[in-house]
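Chemist: Starting from these lines, generate the structure:
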Amino acid sequence: MVTDRELEILKVLWARGKASVREVQEDLNKTAGPVAYSTVQTLLNIMEEKKGLVRHVVEGRTFIYVPKKSSDRTIKELTTRFVDRVFDGAIERMMVALIDSKAPSAEEFDRLRAMIDEAQRQSEQPGDADEAAAVVEIAADEPSVDFS
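Modeler: Model (predicted):
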């Protein structure tokens, strides 16, 4: 599992591509509130050694951290795990919970319907399950619907 703070660190690394402990700390201080350098360093060590989320290269005397997986792949894995653990794999229950927590605007409903319709069309074509998954991934790159 990825903790909230680890996810914040991953977001910094995804945005930058790579970053030193100091750069991660500076970005976190701007976006997520104050965090100590030593805390960021410890978290990055755990994320590398125990969780396999990042790796580092050495530039001079500085460790530069790089995420091991793309944001899309990580989000897909976290979402799958979340749906399985919280909703016993029931996507419909998850969608109801999301919509109940924050109702999408009419525009967001239209985009969601279009994504669902396209995914359904793709999944109905024999042998095109990979394309349906690609449609959902492409849709994830569209302007996001904030369900938080």
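
Chemist: Domains of the protein: list them as residue ranges, please.
Modeler: Annotated domains of the chain cover 4-67, 71-141 [automatic domain parsing].

Chemist: As a markdown table, these with mean neighbour count would be great.
Modeler: All C-beta spots, glycine's among them, are computed from the backbone N, C-alpha and C. Shown next, in a markdown table, are those (neighbours: other C-beta atoms under 10 Å):
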| stretch | mean neighbour count |
| --- | --- |
| domain 4-67 | 16 |
| domain 71-141 | 13 |
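
Chemist: Which of the ones you listed comes out lowest on mean pLDDT?
Modeler: When those are ranked by mean pLDDT, domain 71-141 comes last with a mean of 83.

Chemist: State which helix of this protein is the longest.
Modeler: Counting by DSSP state H, the longest helix found in the chain is helix 106-124.

Chemist: Alpha carbons only: can I get that helix in CSV?
Modeler: Provided in CSV are the C-alpha atoms of helix 106-124 (Å, rounded to 0.1, in the frame of the first residue of the first chain):
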residue,chain,number,x,y,z
ALA,A,106,-24.0,17.8,-16.2
GLU,A,107,-20.9,18.2,-18.3
GLU,A,108,-19.0,15.6,-16.3
PHE,A,109,-21.9,13.2,-16.5
ASP,A,110,-21.8,13.6,-20.3
ARG,A,111,-18.1,12.9,-20.4
LEU,A,112,-18.6,9.8,-18.1
ARG,A,113,-21.4,8.5,-20.3
ALA,A,114,-19.3,8.9,-23.4
MET,A,115,-16.3,7.1,-21.8
ILE,A,116,-18.6,4.2,-20.6
ASP,A,117,-20.3,4.0,-24.1
GLU,A,118,-16.9,3.8,-25.8
ALA,A,119,-15.5,1.2,-23.4
GLN,A,120,-18.6,-0.9,-23.9
ARG,A,121,-18.4,-0.7,-27.7
GLN,A,122,-14.7,-1.7,-27.5
SER,A,123,-15.4,-4.6,-25.1
GLU,A,124,-18.2,-6.0,-27.4
